[in-house]
Structures are given as structure tokens and as C-alpha cells.
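Chemist: can't give you the sequence, but here's the structure:
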């Protein structure tokens, strides 16, 4: 399998070296989503999946393009992305040997920081983002079909590859919920598989007025993306797409968002005061399993009810569920850290979680600036859909940690979000631009 993995990485690299920067990113996404990232090529103590090989090629290709690096300007999110990585690295060294931290965190550096800057450098206009959205739809369509087949039959045509997993070799696990099997296809986990489609669903809605595809193709793309979410049979992707659809439905009445926020607060308060169940338990009725909701609620209680005592600063290190963890000094009842921020807090403490939290909030301010700059309704709809997809992910990540292929995709989308205000900069008309020197002084544009 190592030979096949190397061949796929080489083929993806050749594809990435052709065309524009957005096409290089597309080649990376094809390999990331169509070839299992649990198959690796070992180099010393490092395990390199195809995605980590390819992101180096993509970045190199993009940085060699004219005007890319010269026009790049650092912003606050760039600073906090780097700061979050450095703080996480430092916090981990307090609780784990430096050699182990270096190996594991360098892998995360490839999947997070490098992918983030690749997205920042490559996607520089709305047209680029539309092309990327179409690429993701083309990637997702066959995956959704295979996922539905696996969910219907329980058979994964790529399941035999699990025996070659670099970190956890095993046979294909067959999980069933309410009569359907949980599809993962070539993704590392069924949750990641479903989350992938929830974002593309929103992007497919966003490009509706921007593409010449026939109506049945546009509708078919959205149906396929929903089918991909469904085939995972996971609560987090379901929450994600429900939140995205809810935000999309609010677009016509977005100016009255304050009233909807007040109604939500009143309803939540009424449930807490007059119901015999807490609000998360009531929302859990919409999940596949209410037990999972109870678990997450109790996880919060254990975390903030004394579980972080003496570990608030640097956390516990590599703890929790999964390969490579050390729970010898971690005695929580709830070891599955099913929340993006609690997982970071538990492992790296406040040192690691605070810059990360700020980094995940900054893209929404950038999206808002882009929305106020957009001059047409079609552009505003596209921005709103992007926000709905990212917001849906964020909503779901309150119930599950960020995992596997969604990690680089999440960072890439954050990088793209920070570029969006520049997509809609109002340029001075030609007839108002400076015309030269008339009286010895440069003429200013009005």
C-alpha cells in the first residue's frame, strides 16, 4: 500500500503543478477526500499521508506564482493561527516528552497552519471561491453515492483498506443506527464524512445564481450533499446541516435578527425555568441518541465542576480517547472530549485554548465586512451561504471535536473567510482615477 500511496501523492503533485492556484488547491482536495488519509508513507518517525505531501507541493506552486507573495499582507487571524499553534506546542511539552510532541505537532502543523496559508494565498477572488465550490461538489457527488450504498447495504467497497491503517489497523467496522449503516467510505470516521457534506450543501446553495448549470443539476447537487450527510447517520453532521438550513432560511428576514435572538433566549429561559429537563436535554430529542446529549452535558459539568483543578494553565496533555493518549493521570469519567473547545482546554489548558478561540471567532467579523461591501444581492447571498456553512460546522463542533479530514478543511475555510472582504472592495471608477500632474501636485481621486 505504501507504493500505491506514493503513486497517488505523485499523481496529485503533477495535477497541482498545472493551472491556477485554485486548481492546485483542487488537486489537494481531490487527494484528501478521495484517498484514505490513514494510509501513509513512513519517513523516519513521521507518518506522511498523501495530504501532507501534497500541501507542500501546493504551497510551493502557489508561492512561485507572480504577485502572490508580494501582495500578501498579514492580518490578525494569521497572527492568532500561528500563536495558537505555538501555544499548543508549548503546553504539550509540559505534559509529554519533547520528542513525542515534536512528531505529533508537526503533523498538525501540516494539516492546520500550512493548509490555512494555502487557502489564504490561493483563493483571492469570488470567482476563485466559486470554482473551489464547484470542485468540492464534483468531489462530493461520487462520495455521496458510495456513502448511500454503504449506508443501505453495510458494505464499504474500500473497507479492505482499513487493515493497512498506519495508526489503528482493523477490519471495516459495521455500525448500525435505526436500520441504516453509518457510512465512512474512504474517510477516517463517519462523523467526518457527514460533516464534509454539510459545508458543501451550503456552498451549493450559494453558487446557485452564479453558475450556468441547469436547474436540475443545481438541485441534484444539493440533494446529493444532503444524501451524504444522511448516510453518515451521525448527530453532529445532522446538527450542522440543520443549523445551516436555519441560517439560510433567515436570509430574507436577516434585518430582524435581533427579534429572533430575543425569541430564542426567551424560549431557552422558559425551558430552563418551567421544564423538568435542561435545554440541551430537550434539544437531544432531535439527535439519533439522547444518551449522547446527556454525555455531552455531563462532560461540561465535569470539566467546569473541578475537573480542571491544578491543570487550568497547561491542561493534561495527550489524554482522551484514541491512539497515542496517556490517561494514567487523567481520571475523568468522560474521556471522550466531544467539544472543540473543551478538547483543546483539557489537553492544553488556557494557554492553548484562548488564542485558538479568538482565531475561530475572527473569520465571522471578516465575513460581516464582506457582506457590507457586496453590491449585488447575488453576492450577498453567496457570502451568507458561506457563513451558514461555516456556522453550521461551528454549531456541530459544540457536540464533537474537530476530526481527521475536517481539520484541514476547517482551517482552509477560515483562511478563505479572511480574504473575503477584499473580494468586494469598491474600486474607484476609471474616470475618477488620478490623471497625473497638472499644477505641480498629484491630482487626487474624488
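Modeler: Structure's in. What do you need? Remember, it's a predicted structure, so these values are computed and weren't measured experimentally. Numbers count the residues shown, from 1 in each chain.

Chemist: For the rest of this, base every contact and every neighbour count on C-alpha atoms.
Modeler: Fine.

Chemist: what stretches of the stretch 301-446 of the chain score poorly on pLDDT?
Modeler: Scanning the stretch 301-446 of the chain with the threshold set as pLDDT under 70 gives 426-446.

Chemist: Show me where it has its helices.
Modeler: 340-373, 377-396, 406-423 (DSSP state H, counting those that start in this stretch).

Chemist: Please convert those helices to a markdown table, extending it with distance to residue 42 and mean neighbour count.
Modeler: Shown next, in a markdown table, are the helices of the stretch 301-446 of the chain (distance: least, Cα to Cα, whole Å; neighbours: other Cα atoms under 10 Å):
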| stretch | distance to residue 42 | mean neighbour count |
| --- | --- | --- |
| helix 340-373 | 26 | 20 |
| helix 377-396 | 32 | 23 |
| helix 406-423 | 20 | 22 |
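
Chemist: out of those helices, which comes closest to residue 201?
Modeler: With Cα to Cα as the criterion, residue 201 lies closest to helix 377-396 of the helices of the stretch 301-446 of the chain, at 7.5 Å.

Chemist: Kindly calculate the angle that that closest one makes with helix 406-423.
Modeler: Between helix 377-396 and helix 406-423, the angle comes out at 150 degrees (axes from the mean of the first three to the mean of the last three Cα atoms, to 10 degrees).

Chemist: Quick check: which helices or strands does helix 377-396 pack against?
Modeler: helix 190-206, helix 235-249, helix 340-373 (3 or more Cα pairs under 8 Å, 6 or more residues apart in numbering; DSSP states H and E).

Chemist: In JSON lines: these, plus distance to residue 101.
Modeler: JSON lines is the format used below for these (distance: least, Cα to Cα, whole Å):
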{"stretch": "helix 190-206", "distance to residue 101": "24"}
{"stretch": "helix 235-249", "distance to residue 101": "29"}
{"stretch": "helix 340-373", "distance to residue 101": "12"}
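
Chemist: how about these, which one is nearest residue 36?
Modeler: helix 190-206 (11.6 Å).

Chemist: Quick one: the strands in this protein, in order.
Modeler: For the chain, the strands defined by DSSP state E occupy 40-43, 46-49, 176-177, 180-181.

Chemist: Adding distance to residue 192, mean neighbour count and mean pLDDT, write those out as TSV.
Modeler: Formatted as TSV, those follow (distance: least, Cα to Cα, whole Å; neighbours: other Cα atoms under 10 Å; pLDDT from 0 to 100):
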stretch	distance to residue 192	mean neighbour count	mean pLDDT
strand 40-43	19	16	85
strand 46-49	17	19	84
strand 176-177	17	13	86
strand 180-181	15	20	93
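
Chemist: mind putting those strands in JSON lines, distance to residue 221 included?
Modeler: Listed next are the strands of the chain as JSON lines, based on distance: least, Cα to Cα, whole Å:
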{"stretch": "strand 40-43", "distance to residue 221": "31"}
{"stretch": "strand 46-49", "distance to residue 221": "29"}
{"stretch": "strand 176-177", "distance to residue 221": "25"}
{"stretch": "strand 180-181", "distance to residue 221": "22"}
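
Chemist: Can you tell me which of these is nearest to residue 236?
Modeler: That would be, of those and by Cα to Cα, strand 176-177, which comes in at 14.1 Å.

Chemist: List the contacts of residue 296.
Modeler: With contacts defined as Cα atoms under 8 Å, 6 or more residues apart in numbering, residue 296 is in contact with 338, 399.

Chemist: And it, how far from residue 318?
Modeler: Distance, residue 296 to residue 318, using Cα to Cα, to the nearest Å: 20 Å.

Chemist: just for the stretch 51-200 of the chain, where's the confidence low?
Modeler: Residues of the stretch 51-200 of the chain that meet the cut-off, pLDDT under 70, do not exist.

Chemist: what about 90?
Modeler: 63-74, 165-179, 188 (pLDDT under 90).

Chemist: residue boundaries of the helices in it?
Modeler: Under DSSP H, counting those that start in this stretch, the stretch 51-200 of the chain gives helices at 76-95, 98-109, 115-122, 126-153, 190-206.

Chemist: Residues contacting the first one, please?
Modeler: Contacts to helix 76-95, defined as Cα under 8 Å, 6+ apart, come from residues 101-102, 105, 109, 113, 314-318, 347-349, 351-356, 358-359, 362-363, 418.

Chemist: one more time with 6 Å
Modeler: 314, 317, 348, 351-352, 355-356, 359 (Cα atoms under 6 Å, 6 or more residues apart in numbering).

Chemist: Just flag the most distant two among those residues.
Modeler: 317 and 359 (21.0 Å).

Chemist: and the gap between residue 22 and residue 118?
Modeler: For residue 22, the distance to residue 118 - Cα to Cα - is 10 Å.

Chemist: Let me fix that, I meant to ask about residue 177.
Modeler: For residue 177 relative to residue 118 (Cα to Cα), the value is 38 Å.

Chemist: same deal with residue 386?
Modeler: Relative to residue 118, and taking Cα to Cα, residue 386 is found at 18 Å.

Chemist: Kindly report the same for residue 418.
Modeler: 12 Å.

Chemist: Deepest in the core, which of the helices of the stretch 51-200 of the chain is it.
Modeler: helix 190-206 (a mean of 27; mean count of other Cα atoms under 10 Å).

Chemist: What is that one packed up against?
Modeler: helix 215-232, helix 235-249, helix 377-396 (3 or more Cα pairs under 6 Å, 6 or more residues apart in numbering; DSSP states H and E).

Chemist: Switch those helices over to JSON lines; also include distance to residue 326.
Modeler: Formatted as JSON lines, those follow (distance: least, Cα to Cα, whole Å):
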{"stretch": "helix 215-232", "distance to residue 326": "29"}
{"stretch": "helix 235-249", "distance to residue 326": "26"}
{"stretch": "helix 377-396", "distance to residue 326": "27"}
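
Chemist: closest one to residue 300 among the ones you listed?
Modeler: helix 377-396 (15.5 Å).

Chemist: Tell me how many other residues crowd residue 18.
Modeler: Neighbourhood size, residue 18 [other Cα atoms under 10 Å]: 12.

Chemist: Identify the residue nearest it in space, chain neighbours excluded?
Modeler: residue 24 (7.1 Å; Cα to Cα, 6 or more residues apart in numbering).

Chemist: wait, doesn't the one you found sit right on residue 14?
Modeler: No: counting by Cα atoms under 6 Å, residue 24 does not reach residue 14; the two are 9.4 Å apart.

Chemist: Looking at the two, which has the bigger crowd around it?
Modeler: residue 24 (27 against 14).
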